[in-house]
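[1] I need the structure of the sequence given here:
(one chain, ligands or ions: 1)
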Amino acid sequence: MNQLTKSYGKEHAVRDVSFALENGRCTALLGPNGAGKTTILKMLSGLLKPTDGTIHFTKTKARKDNRKYIGFLPQHPVFYDWMTGREFLMYAGRLSHLSFNEAKFRADELLTRVGIEEAGNQRIGKYSGGMKQRLGIAQAMIHRPALLMLDEPVSALDPIGRREILQMMKDLKKETTLLFSTHILNDAEEVSDDVLILRKGLKVAEGNIHDLRTEQQKAKIHVQVKGMAADWLQEWRAWAQVEDIEFEDDLAKIRVNDLEQAKKLMLKKIVQQEIPLISFEVARTTLEDLFMEVVNQ
Ligand SMILES: Nc1ncnc2c1ncn2[C@@H]1O[C@H](COP(=O)(O)OP(=O)(O)OP(=O)(O)O)[C@@H](O)[C@H]1O
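    Model prediction:
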């Protein structure tokens, strides 16, 4: 996707987001509520028309119908409660242009694959939330899509259901490119190879999740003093070794670019100026810190 934008009047739900999904990899769209995750998934699946920007699938020529390559599970899927799981999958298969026999074969295969084969002849109205989510994933896989997209697949589930679906996603990513949205960093870390972090419709960070984690490991120093930390340490902001200081009452959280130099200088100043030190601690920022910053801004 290239400079993808979706606007509603003057508001931008998604703004200028460019990103490439790699074949065979799993990517998490990560961001707080309202970040634009659903809007991106809907544009990729063809359910929403972008206001601006382009989407290009390597398998197809520009402007061609991409739906046969895509499987999509919406955030709030709607089922016909009076149908059985098997009937629903056959119905989805026929809608995807599978022949009757193919749809039947595939429905049986997928009921087993997602672990609800015994409930195949039960009405969907009797299914639990976790079973419906499994059925939804089976529905999205019915036509063997090259790209499977799942919108918040685990957010409505209890911890056990959540664990089961995350495990299933780990299996699924062996056979298809997978893109899913979540607002939980741990879910992204557990299943995905790559991550695209969004906030208020804008891309904040992207890339291989392990590389991002390493990149984010910047050094920081926590200095706690008697009294208000800002009163004692405000002037440290001007130092070349200091990138940023966050003051919280008696604590200063200081991001530094040269840990050794900064440490020496700070300890010297503390002694020289007789700053009433309570604690001095070297820490590291993490991907969690980046994500919390994104969420809290
Ligand atoms: N049809 C619409 N009309 C106007 N604004 C919309 C519409 N759809 C979405 N938005 C706005 O666009 C922004 C992004 O919404 P989106 O649903 O994509 O976010 P999200 O990251 O999926 O959030 P959530 O985790 O809550 O599902 C939000 O501010 C939302 O209010």
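[2] in a helix, that's where Pro145 is, yeah?
    No - the assignment for Pro145, made by DSSP: H, G, I helix; E, B strand; the rest coil, is coil rather than a helix.
[3] Around it, how many other residues sit close by?
    Other residues lying near Pro145 total 19 when counted by other CB atoms under 10 Å. Every C-beta, even on glycine, is put in place using the N, C-alpha and C of the backbone.
[4] Quick check: residues of the protein near the ligand?
    By CB under 6 Å from any ligand atom, the residues of the chain that approach the ligand are 8, 11, 13, 31, 33-39, 75, 183.
[5] in this structure, which helix or strand is least confident?
    Sorting the helices and strands of the chain by mean pLDDT, DSSP states H and E puts helix 287-296 at the bottom, at a mean of 75.
[6] related to what we said a few turns ago, neighbour count and pLDDT added to the residues of the chain next to the ligand, as JSON lines?
    What follows is these, written out as JSON lines (neighbours: other CB atoms under 10 Å; pLDDT from 0 to 100):
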{"residue": "Tyr8", "neighbour count": "9", "pLDDT": "93"}
{"residue": "Glu11", "neighbour count": "10", "pLDDT": "91"}
{"residue": "Ala13", "neighbour count": "21", "pLDDT": "94"}
{"residue": "Gly31", "neighbour count": "25", "pLDDT": "91"}
{"residue": "Asn33", "neighbour count": "7", "pLDDT": "88"}
{"residue": "Gly34", "neighbour count": "14", "pLDDT": "89"}
{"residue": "Ala35", "neighbour count": "24", "pLDDT": "92"}
{"residue": "Gly36", "neighbour count": "24", "pLDDT": "94"}
{"residue": "Lys37", "neighbour count": "26", "pLDDT": "95"}
{"residue": "Thr38", "neighbour count": "20", "pLDDT": "96"}
{"residue": "Thr39", "neighbour count": "23", "pLDDT": "96"}
{"residue": "Gln75", "neighbour count": "15", "pLDDT": "91"}
{"residue": "His183", "neighbour count": "18", "pLDDT": "90"}
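[7] which residues touch Gly46?
    Counting by CB atoms under 8 Å, 6 or more residues apart in numbering, Gly46 touches 65-67, 70.
[8] Out of those residues, which end up buried?
    Buried by 16 or more other CB atoms under 10 Å: 66, 70, out of the contacts of Gly46.
[9] For Lys220, state which of the contacts of Gly46 is nearest.
    Ile70 (42.3 Å; CB to CB).
[10] quick one: buried residues of the one helix or strand Leu4 maps to?
    Assigned by DSSP states H and E, Leu4 belongs to strand 2-8. Neighbour counts over strand 2-8 (16+ other CB under 10 Å) mark 4-6 as buried.
[11] what's next to that strand, contact-wise?
    For strand 2-8, contacts defined as CB under 8 Å, 6+ apart pick out 12-18, 36, 39-40, 43, 48, 50-56, 201.
[12] Just the buried residues of the least confident helix or strand of the chain, please?
    Neighbour counts over helix 287-296 (16+ other CB under 10 Å) mark 287, 289-291, 294-295 as buried.
[13] Poorly predicted segments of the protein, please.
    Applying pLDDT under 70 to the chain flags residues 59-64, 296-297.
[14] residue boundaries of the strands in it?
    Assigned by DSSP state E, the strands in the chain fall at 2-8, 11-17, 26-30, 52-54, 70-73, 147-150, 177-182, 194-199, 202-208, 219-225, 242-248, 251-256, 277-284.
[15] Just name the most buried of the ones you listed.
    Of all the strands of the chain, strand 26-30 carries the top mean neighbour count, a mean of 26, counting by mean count of other CB atoms under 10 Å.
[16] CA atoms only for that strand, dumped as PDB, please.
    Coordinates of each C-alpha in strand 26-30 appear next as PDB, following Å, rounded to 0.1, in the frame of the first residue of the first chain:
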ATOM      1  CA  CYS A  26       2.800 -12.500   9.500                       C
ATOM      2  CA  THR A  27       2.200  -8.800  10.200                       C
ATOM      3  CA  ALA A  28       0.400  -7.200  13.200                       C
ATOM      4  CA  LEU A  29      -1.400  -3.900  12.800                       C
ATOM      5  CA  LEU A  30      -0.900  -2.500  16.300                       C
END
